[in-house]
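1. Here is my input; please provide its structure:
(chains A and B)
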Amino acid sequence: MRRRYFIALLAAGSAAGGVARLAADAPAEVEVIAEKFDFTPDTVKAKVGKPLTFVVTSIDRVHGFKMPDFGVRTDIVPGAETRVTITPTRPGTFAFFCDVFCGDGHEEMGGTLVVEA
Amino acid sequence: MMQTDRRDFLRLAGVAGVTFTAGLFPGRQAMAQADDFHFVQFSDTHWGYKGKANPDAEHTLEKAIVTVNGLARQPDFIVFTGDLTHTTEDPKERRARMKRVREIIGGLNVKDIRFMPGEHDAALDKGEAYKEYFGDTHYTFEHKGVHFIALDNVSDPGAKLGEDQLAWLAADLKQHKTDDRIVVMTHRPLFDLQPSWDWTTADGAKAIDLLMPYQNVVVFYGHIHQEHHHMTGHIAHHAAKSLIFPQATPGPQPRRPPPPPYDPSQKGLGTRDITIGKTTTFVELPVSKA
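-> As a prediction, this is how the structure comes out:
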């Protein structure tokens, strides 16, 4: 698994002073890079009840980003930033994966969202 | 609704196999025996696959052809429900694999062969190479009073039938009475079998909605590389095993596990002989019997 890209997970409420209240209401964000045939990172953590925005970009071709348990999917087009926000309602592990057939290896292109209580 | 009577099928097949009998056409239980016929379903042959899941991949299709040619009563026709070839991103190699598949299946005694694409064949070029070697990706045909509909849910890389094909399906169905016998063939399941493993068709529910007014509909498909039976209302859906290697059984894992380890007995690989008559029965034809 390639790990060339960093994770930017901005925890809500981590800022100080007056900014903290604003940040507490804002979704946390995680940057995810898509390329044949990986998402980086391929494991993302979240908290029950806390909104989380996936900020997804592709560096090679059109991919898909689908999370059936949350009823969301979108195309990921190179050169554009795609944002998907979810709010977990229960703990557990949930899949996200590419649903646009992208080559030999497409079926392994996925990741896991780990939601903690 | 399920019943089993092995006698006719073992005589029919001429080889040992597991039988499964279902009332696939619930509105036509009293159908005359004279209408009986059978066809063989090949699925997910993945020509070009090289991997641990089947070290004998290069010869498995040829062995299956020997099995089918050895049936005591040859099938009326043969259906390939997709993934004839394994994915390659090289268009030249894709065509070479399709050419080789055509050459190998030329060894089948039965020459009435119906093809459908799988995503491995068609999703990277929207079915362009597939059409050159195997023809249309969706079509209909009639056989002994049964209306067959082949649907393409793979040429769109997003696994959609698409509005044009759905309109085509709606127009076709309008030409039929609601008690006509209809067999639908697809590669991917039309229903949400395991969405987190991408075992779905993005707009498959729209096709099922169109089929729902018809009383005698059965769907045969592949893609998941294993036997599976499911009902959406009165419509039965039956998945066939892959010829080349099995896949994991649907379960609670959020991501699909890799294929099970290779079984030297090749259990799980084979083709399916489907008889449609008063009752409709499957006889699984393992490659290991070749």
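
2. Around chain B, pick out the residues from chain A.
-> Taking CB under 8 Å from any CB of the partner chain as the contact definition, chain A meets chain B at A:64, A:66, A:68-69, A:75, A:93-95, A:97, A:99-104, A:106-107, A:110, A:112. All C-beta atoms are positioned from the backbone trio N, CA, C, and that covers glycine.

3. one more time with 10 Å
-> Taking CB under 10 Å from any CB of the partner chain as the contact definition, chain A meets chain B at A:36, A:42, A:62-64, A:66-69, A:71, A:73, A:75, A:92-114.

4. now, which of these lie within strands?
-> A:63-64, A:66-67, A:73, A:75, A:92-97, A:110-114 (DSSP state E).

5. Look up how far chain A lies from B:Arg114.
-> 23 Å (CB to the nearest CB, to the nearest Å).

6. Is the closest residue to that residue other than its chain neighbours in a helix, a strand, or coil?
-> Spatial nearest neighbour of B:Arg114, excluding adjacent residues (CB to CB, 6 or more residues apart in numbering or on different chains): B:Val79 at 4.8 Å. Each residue gets one of three states, and B:Val79 gets strand by DSSP: H, G, I helix; E, B strand; the rest coil.

7. Tell me how many other residues surround B:Val79.
-> For B:Val79, the count of nearby residues is 26 (other CB atoms under 10 Å in any protein chain shown).

8. shouldn't it be in contact with B:Ala240?
-> Yes. At 9.4 Å, B:Val79 and B:Ala240 qualify as touching, with contact defined as CB atoms under 10 Å.

9. what is in contact with the two at once?
-> The contact sets of B:Val79 and B:Ala240 overlap at B:41-43, B:220, B:222, B:271-272, B:274 (CB atoms under 10 Å, 6 or more residues apart in numbering or on different chains).

10. which secondary structure element contains the residue most central in space within chain A?
-> With distances taken as CA atoms, centre = their mean, A:Phe54 lies nearest the centre of chain A, 3.4 Å away. Following DSSP states H and E, one finds A:Phe54 within strand A:52-58.

11. what's that strand packed up against?
-> strand A:28-35, strand A:43-47, strand A:63-67, strand A:72-76, strand A:82-86, strand A:110-116 (3 or more CB pairs under 10 Å, 6 or more residues apart in numbering or on different chains; DSSP states H and E).

12. and the stretch 1-150 of chain B, which of its residues are near chain A?
-> Near chain A, when you scan the stretch 1-150 of chain B using CB under 10 Å from any CB, you find B:48-49, B:86-89, B:119-120, B:122-124.

13. would JSON lines of those residues with pLDDT, secondary structure and distance to B:Asp180 be doable?
-> Output for the residues of the stretch 1-150 of chain B next to chain A, formatted as JSON lines (pLDDT from 0 to 100; DSSP: H, G, I helix; E, B strand; the rest coil; distance: CB to CB, whole Å):
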{"residue": "B:Gly48", "pLDDT": "96", "secondary structure": "coil", "distance to B:Asp180": "39"}
{"residue": "B:Tyr49", "pLDDT": "95", "secondary structure": "coil", "distance to B:Asp180": "38"}
{"residue": "B:His86", "pLDDT": "97", "secondary structure": "coil", "distance to B:Asp180": "37"}
{"residue": "B:Thr87", "pLDDT": "97", "secondary structure": "coil", "distance to B:Asp180": "37"}
{"residue": "B:Thr88", "pLDDT": "96", "secondary structure": "coil", "distance to B:Asp180": "40"}
{"residue": "B:Glu89", "pLDDT": "95", "secondary structure": "coil", "distance to B:Asp180": "42"}
{"residue": "B:Glu119", "pLDDT": "98", "secondary structure": "helix", "distance to B:Asp180": "30"}
{"residue": "B:His120", "pLDDT": "98", "secondary structure": "helix", "distance to B:Asp180": "33"}
{"residue": "B:Ala122", "pLDDT": "98", "secondary structure": "helix", "distance to B:Asp180": "29"}
{"residue": "B:Ala123", "pLDDT": "98", "secondary structure": "coil", "distance to B:Asp180": "32"}
{"residue": "B:Leu124", "pLDDT": "97", "secondary structure": "coil", "distance to B:Asp180": "36"}
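
14. need those in JSON lines with neighbour count, can you?
-> Formatted as JSON lines, those follow (neighbours: other CB atoms under 10 Å in any protein chain shown):
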{"residue": "B:Gly48", "neighbour count": "22"}
{"residue": "B:Tyr49", "neighbour count": "22"}
{"residue": "B:His86", "neighbour count": "21"}
{"residue": "B:Thr87", "neighbour count": "23"}
{"residue": "B:Thr88", "neighbour count": "17"}
{"residue": "B:Glu89", "neighbour count": "13"}
{"residue": "B:Glu119", "neighbour count": "23"}
{"residue": "B:His120", "neighbour count": "29"}
{"residue": "B:Ala122", "neighbour count": "29"}
{"residue": "B:Ala123", "neighbour count": "23"}
{"residue": "B:Leu124", "neighbour count": "23"}
